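Colleague: Fold the following and give me the result.
(one chain, ligands or ions: 1)
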Amino acid sequence: MKRREFIKKSWPAAVLGAAGIATLAGCGKEEESTQVAALKKELEECKQKAPAVITKKTYEWKMVTTWPPNLPVLQTGTERFAQRVKEASGGRINIQVFAGGELVPPLNTFDAVSDGTVECGSGAAYYWAGKTPAVQWFSAVPFGLNAQGNNAWFYSGGGLKLWEEVYAPFNVVPRPQGNTGVQMGGWFRKEMNTIKDFDGLKMRIPGLGGKVIAGAGGTVVLLPGGEIFTSLERGVLDATEWVGPMHDLRMGFYKAAPYYYYPGWHEPGTTLEVIFNKKAYESLPKDLQAILDAVAMETNLWSLSEFEAGNGAALQELITKHKVNLKQFPADMMDELRKLAKDVLEEEANKDPMARKVHDAFKKFKAQVGVWGTVSENAYYNVIADKFSLKG
Ligand code: CA
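Modeller: Numbering: from 1, shown residues only. Model (predicted):
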């Protein structure tokens, strides 16, 4: 093979660029224009196949979140997401991350992404219940799916397709970006023995869980994170839930309320989201869309791993160092709360046809994986349960 033919076969013409064209200098005019046209065509085809490699187009994006600055895993995970996208794309997407309040108020995240003020955001779907009730099944459902179940629903059970359908009218594209795992039931100033103990109880608990507590006679108080500790310490609040041991330890709640209850029936596997403005997402070449999707999925796994590891270590510290009174909610109380949760979910599902569609799909999927979970994860945990000691 002649050298010129070899080069032409081994390298795309677009990469050879001017050098390829220079070799045509000695040809006749007609032949030259034909060959230049062929090269230009090849260049165009090459651009189609790998546009950003050829054009080196870069995207400068902004991201807002619902999280306070430096909040472990939630805000730091979002910053990690941006960094990983930059690395995976070779610097073709640069996302500047703003914590809650730095660019827009935390709960304006969805609107800012929806109207294109920013290209992307991070939060949790239950914050947007005021937009449309159907969003509430995509973050935390009382007595709903755990992290493993939620991921199975999103990736392999049609959940993400439904989520996309719910966000589409708002020009927003969702992806799971994290999961807290099972949260804790909360910090209580008194022992909780029966469902009647919720009567008149002032508790900070947001979302659907709050509606269940209200159904049990409790008073739901919503406070910004920074005001919870003092309110609990002074008795303005009788109880609060937050996240899990890692984040709860950081808030110092053990100094304000002696009883730490489990499990977090109200948030059994809260999904965190990354959301993209639809137009911005669709304007990207396919390879960059794939990078965003892949890094979101990677961050989802990373986040759950951080929660599992961090919660395990923090729980040990709460038990051994701070002598926290760790207690399980009584089974009868769980049965009562579960009945109330069922009513709350039905009520929300009746609010509009999309909410009904999502609720029914979620319920059906949960029933399927629930039976499997009973003979797999649940049975296994029961087998090894006596090997663990909550006393450290
Ligand atoms: Ca929570």
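Colleague: G121 - that's part of a helix, no?
Modeller: No. With DSSP: H, G, I helix; E, B strand; the rest coil as the criterion, G121 is located in strand rather than a helix.
Colleague: my guess is it contacts S114, does it?
Modeller: No. G121 lies out of contact with S114 (Cβ atoms under 8 Å); the separation is 9.2 Å. In short, each C-beta sits where N, CA and C put it, glycine included.
Colleague: if you count what's nearby, which of those two comes out ahead?
Modeller: For G121 versus S114, neighbours defined as other Cβ atoms under 10 Å are more numerous around G121 (28 against 21).
Colleague: quick one: contacts for E346?
Modeller: H359 (Cβ atoms under 8 Å, 6 or more residues apart in numbering).
Colleague: For the remainder of this discussion, apply numbering that starts at 654.
Modeller: OK, 654 is where the count begins now, so the last one is E999.
Colleague: Would you mind measuring from it to the ion?
Modeller: 23 Å (Cβ to the ion, to the nearest Å).
Colleague: What strand or helix carries that residue?
Modeller: helix 984-1002 (DSSP states H and E).
Colleague: buried sites along that helix?
Modeller: M986, M987, E989, L990, L993, A994, V997, L998, E1001, A1002 (16 or more other Cβ atoms under 10 Å).
Colleague: from what I can see E1001 touches V788, true?
Modeller: No. Assessed by Cβ under 8 Å, E1001 is found out of contact with V788, at 10.3 Å.
Colleague: Sticking with the most centrally placed residue in the chain, tell me its helix or strand.
Modeller: Centroid-nearest residue in the chain, with Cα atoms, centre = their mean: L925, separated by 2.0 Å. In the assignment (DSSP H and E), L925 maps to strand 924-930.
Colleague: is that strand anywhere near the ion?
Modeller: No. Strand 924-930 lies out of reach of the ion by Cβ under 5 Å from the ion, never closer than 11.6 Å.
Colleague: Check which helices and strands that strand is in contact with.
Modeller: For strand 924-930, the elements it packs on are helix 727-741, helix 762-767, strand 773-776, strand 825-832, helix 939-973, judged by 3 or more Cβ pairs under 8 Å, 6 or more residues apart in numbering; DSSP states H and E.
Colleague: Residues contacting stretch 951-958, please?
Modeller: Outside stretch 951-958, the residues touching it (Cβ under 8 Å, 6+ apart) are 726, 730, 733-734, 737, 800, 804, 829-834, 925, 927.
Colleague: Check these and tell me the two furthest apart.
Modeller: For the contacts of stretch 951-958, the farthest-apart pair by Cβ to Cβ is R737 and G834; their separation is 21.1 Å.
Colleague: More neighbours: which of those two?
Modeller: More neighbours surround G834 than the other of R737 and G834, with 22 against 18 (other Cβ under 10 Å).
Colleague: Residue in the stretch 904-1045 of the chain with the shortest distance to the ion?
Modeller: Going by Cβ to the ion, the ion is nearest to E920 of the stretch 904-1045 of the chain, at 4.8 Å.
Colleague: Tell me the backbone dihedrals of that residue, please.
Modeller: phi -140, psi 80 (degrees, to the nearest 10).
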